[in-house]
Every structure is written in C-alpha cells, then in structure tokens.
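> Sequence isn't available, so here's the structure alone:
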C-alpha cells in the first residue's frame, strides 16, 4: 500500500489495527438471506480478520458460503467516509498466525476464549479482498483501492 494511503487510513481507524465494522454474510441455509452485524475487525499489514465462536451462526454462514463484506464508517466532525471491502473468507487455523494478529491489534482474545489463539472454540477467518473502496471524509466519490491491498 502506498505510504500516503496507509497514513490516511490509519488516521481514520479509532485504533491503528482494529475497528468496529459492519460485517455482512449470507445465510445459504435460508435462501441466501443477507445478515449484517457489528464486529471487531482486526487488521495486520492491511490484511483483515474477524474472530467468533465456532458454534456461532456467523461461523456456520461462513462455512456454507465463504464470502462476506465489511464497512468501516469514518466521521471527522462534519464529514463522513468509509472503507468497504468485499471478498472471500479463509479460515486461519494456525495458532501462531492468530496470536500475531491478535497481538498487533491489541485485541483481548482471552476475555472470550480462555485458550487464547489456540482455543478450539475460536473461529478465526481472514477476509481476502476482491473489491475495496475508500471514501475519504468530505469527498463525494469513493476510490477503488483493491490493488493496494494484499491478497
């Protein structure tokens, strides 16, 4: 990612490596009904992750249909913007890789999963961008930044 874009986006995140995102999936078991909910989005090197329980409805939706989208909304007082990413989902099963992301994002994983990154009840997935756009607060048109994000 270009340094200017990296710095600009980092200024928008309330924490450098995590944000509250609106996370959207579909429920393939209910005719591909859309589902959206707020989630903590973890970021490491502009790679995006979410953590949930293996028994959650989200995890089941992801397993049946491994595509999702998220939107992080930015507000700078009088103007609004967003980062929106759609893509495919890939489970992250390696405890060392999970722990690295959790540490970078300073996410208190142990408050929900006592076994930390190695907890078998933890479902950890990466959102691999297929399309990404950024609307800078105060601007009228979003910019496609898909090529800027790692695959």
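Great, that's in hand. Quick caveat: nothing in here was measured; it's all calculated off a predicted structure. Numbers count the residues shown, from 1 in each chain.

> Output the residue ranges of the strands in the protein, listed in chain order.
18-27, 33-44, 47-53, 67-75, 80-91, 122-135, 143-144 (DSSP state E).

> strands paired with the shortest one, and their directions?
If you go by DSSP bridges, strand 143-144 pairs up with strand 122-135 (antiparallel).

> Quick check: the gap between the nearest residue to residue 40 once chain neighbours are set aside and residue 120.
Spatially, and ignoring its direct neighbours in sequence, residue 40 is nearest to residue 18 (5.8 Å; CB to CB, 6 or more residues apart in numbering). Where you see a C-beta, it was placed from the backbone N, CA and C, and this is true even at glycine. For residue 18, the distance to residue 120 (CB to CB, to the nearest Å) stands at 23 Å.

> Looking at these two, which one has more neighbours?
residue 18 (21 against 8; other CB atoms under 10 Å).

> beta partners of the more buried one?
Going by DSSP bridges, residue 18 is paired in beta bridges with residue 15, residue 42.
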